[in-house]
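Chemist: A structural model of the following input is requested.
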Amino acid sequence: MGERVSRIEQRLGNYRLISLLGEGGFAQVYLGEHIHLDTQAAIKVLHTRLSPDDIDKFRVEARTIARLVHPHIVRVLEFGVEDNTPFLVMDYAAEGTMRRQHPKGTILPLETVTFYVQQISEALQYAHDQKVIHRDIKPENMLLDKHHRVLLSDFGIAVAEQSSHDQKARGMAGTVTYMSPEQIKGRFSPASDQYALGIVVYEWLCGERPFQGSFTELCTQHLFASPPPLREKVPVISPEIEQVVMKALAKDPAQRFHNIHAFALALQEAHRVREGSIVQSLRADLTSANSHEDSPSTASGEDTPPTELKAAIPSIKLDKDIPSANVSQQRLPSAKGLSRRAMILASLGGGVSVGGGLIWFVTSHNGRPATPALTPPLSSPPTLPSRGTTLYSYEGHDDTVDAIAWSPDGRRIASGGGDKTVQVWDTAKGDHIFTYREHKGAVEGLAWSPDGKRIASGSYDKTVRVWDVASGGHVFTYVYMGHGNLVEEVAWSPDGRRIAVTGVRTMETWNAEDGGQRTIYQRGLEAAKTVSWSPHDGRQIASGGGVTVYVWNAVDGKQAFMYSGHTDRVDTLAWSPDGKRIASGGKDKTVRVWDAADGGHVVIYRGHADYVNSVSWSPDGKKIVSGGNDETAQVWDATNGSPILTYRGHTSDVNVVAWSPDGKRIASGDDGRSVRVWMAP
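Modeler: Prediction:
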């Protein structure tokens, strides 16, 4: 495998490489600009350096790939070899990969899954009819254009890489996480692409892949282990959906659907049957309530699948008695839903043989024509993103993100961290608005004033600065006088009159207008790292220090209560919206929820595998999100500690989490310099 070096500003063919879009095990992908036309394209540069004997073979196979012209396949515009380095010029997909849009751990609604699978299956069926097998189906090879249309990429590239004499590139082709049993054995067929797509669908439906572990463990599981039932992970998934996915994941290729379109059609039909049952239940409820008989359209059998489809997917049991209790957990069909009459049944035949060379081919069977389109094209995806879906990532920081604060109206976010800046940006799209650069040290604390006009930012430069959001102008700078002088966290009182600050061993408050009237609550007791005002009345303040959380009376500075339930340092705490409970977490890897008055009724959440750095309550007080050094943000029930959702969009420690004022979104910042805004459950 060739050396991986940056090629930014280099020229390949007629393109100048502008920036690196991504990198995999065998190639780098750059954003390129045509030197004459100023148009942009994606340039894929293989790490492999081809020998002279292999260059002609690569050109032949690249031409084959370039002939794949389909609305859901990334077009190859140009290919070439310079200095024995092969490269491909392809359409640029502005929205990036499906993995970027839906990071690991994301659960997608069924209608979104069927929408994606429809497009992917049409691309794959077209390729199979052109005698080309993809062999590396995974979210990283699925792109989205500016219209949110799915584009399948990397046809044949993994095979082309095997043109090299580098022995590491020989043998199995593909990604082992999504690799079919026959691929592990070195054999391929169109059913191999179906199996890989089945793994992707499984992952989208429950948030994790069926098999986990090392390379050897994954291979063993693909060969011999049955996938864990989907309904054990997500009970609301219907038996029909589970049966379709499990059929696509059969170990024997002959036991899978006859072609990729049949798989997509079966998934779509199972979804339609599920929603049809829900509609029937609702109709029955309405009919019973209004003492009306079923209308002719309801009694006509419209929701019964056609006989041809039953023959195509005999393993599906069409259950018409799905409990109506599940209605509330499923989304009703939209006006854009596809009727049975709109479906075109896929051809179920097609013999398979494996050919040699750099790309594997499918032989035609009795001269049958290519399978027609599964459904009429859809103009747009489902409009509502699912819980855990990453809406966007803000990448404006040059160092760790350690503090986040939503504006009271939820339209803006302020974020700060190791780059010594506070950046204010729009929460709808992540567009940058303003950067505050007055701090000389890392920004660790942020608080937005209740009226939304000012921000208080605390830093390791030993200051708290209060400044105007609109202009960035200073209101005043407060030099923190606490022991050690490093500011860990700041909090604004609910009435906007005072600001609390913690640092090392001191917690104190002062006037939010001019920094006067300093009151010291905690000094020299233990490390004071976190602080939170009681909501609404602001009569009490909680501060975390060592293994203890102190509750103070804001008026006289006296200690009202002391909670000592943690076994290691407390790094974060937050008061519930109703002011009755406090959630605290830290180095002991737990979050504890307890009554603010007496420390009773403790709920302990133990879902994190490492330190807990931040907690935030949902506005309704029913859920809590916590982030930690295990690279996750986890949402769970505040009343009993039961897990609801684990967000895995980060690839480094999650330092801070914050729930939006409307309760619909969560922002989380990490050591990797990014803030991710995602849909709350």
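Chemist: how many neighbouring residues does E513 have?
Modeler: As a burial measure, E513 scores 15 neighbours (other Cβ atoms under 10 Å). Yep, even glycine has a C-beta here, placed from its N, CA and C like the rest.
Chemist: distance check, it against V475.
Modeler: As for E513, its distance to V475 is 8 Å (criterion: Cβ to Cβ, to the nearest Å).
Chemist: and what of K589?
Modeler: For K589 relative to V475 (Cβ to Cβ), the value is 39 Å.
Chemist: now S493
Modeler: Distance, S493 to V475, using Cβ to Cβ: 16 Å.
Chemist: who has more neighbours, the two?
Modeler: More crowded of S493 and V475, by other Cβ under 10 Å: S493, with 21 against 17.
Chemist: where does the more buried one fall, phi/psi-wise?
Modeler: Main-chain torsions, S493, degrees, to the nearest 10: phi -70, psi 150.
Chemist: got a pLDDT number for it?
Modeler: According to the prediction, S493 has pLDDT 95.
Chemist: surely it and A500 touch.
Modeler: Yes. Counting by Cβ atoms under 8 Å, A500 is a contact partner of S493 at 7.3 Å.
Chemist: and D38, how close does it get to I18?
Modeler: Distance, D38 to I18, by Cβ to Cβ: 11 Å.
Chemist: between the two, which one's more packed in?
Modeler: Counted by other Cβ under 10 Å, D38 and I18 do not tie: I18 has more neighbours, with 14 against 7.
Chemist: that's a helix at that one, yeah?
Modeler: No. Counting by DSSP: H, G, I helix; E, B strand; the rest coil, I18 falls outside a helix, being strand.
Chemist: I'd say it and G32 touch.
Modeler: Yes. Between I18 and G32 there is a contact at 6.4 Å, judged by Cβ under 8 Å.
Chemist: what residues are shared contacts of the two?
Modeler: By Cβ atoms under 8 Å, 6 or more residues apart in numbering, I18 and G32 have these common neighbours: Q40.
Chemist: and the residue nearest in space to the middle of the chain, how far from F211?
Modeler: The residue lying closest to the centre of the chain (Cα atoms, centre = their mean) is P103, at 2.9 Å. From P103 across to F211, the span is 19 Å (Cβ to Cβ).
Chemist: G599 too?
Modeler: Per Cβ to Cβ, G599 is found 44 Å from F211.
Chemist: between those two, which has more neighbouring residues?
Modeler: Between G599 and F211, F211 has the larger neighbour count (other Cβ under 10 Å), namely 20 against 17.
Chemist: which pLDDT value belongs to that one?
Modeler: F211 carries a pLDDT value of 95.
Chemist: what about the nearest residue to it once chain neighbours are set aside, helix or strand, and which?
Modeler: Leaving out its chain neighbours, the residue that sits closest to F211 by Cβ to Cβ, 6 or more residues apart in numbering is Q221, at 4.0 Å. Counting by DSSP states H and E, the element that carries Q221 is helix 215-224.
Chemist: what are the contacting residues of that helix?
Modeler: Residues contacting helix 215-224 (Cβ under 8 Å, 6+ apart): 176-177, 179-181, 184, 210-213, 251.
Chemist: what distance separates the very next helix or strand once past it from the centre of its chain?
Modeler: Going down the chain from helix 215-224, the next helix or strand is helix 230-233, by DSSP H and E. Relative to its parent chain, helix 230-233 has a centroid offset of 20 Å by Cα atoms, centre = their mean, to the nearest Å.
Chemist: next one: stretch 641-658
Modeler: The chain centroid and the centroid of stretch 641-658 are separated by 11 Å under Cα atoms, centre = their mean.
Chemist: for that stretch, how far is the first residue from the last?
Modeler: The straight-line separation of the ends of stretch 641-658 (Cα to Cα, to the nearest Å) is 18 Å.
Chemist: ok, stretch 438-448 next?
Modeler: Rule used - Cα to Cα; the end-to-end distance of stretch 438-448 is 17 Å.
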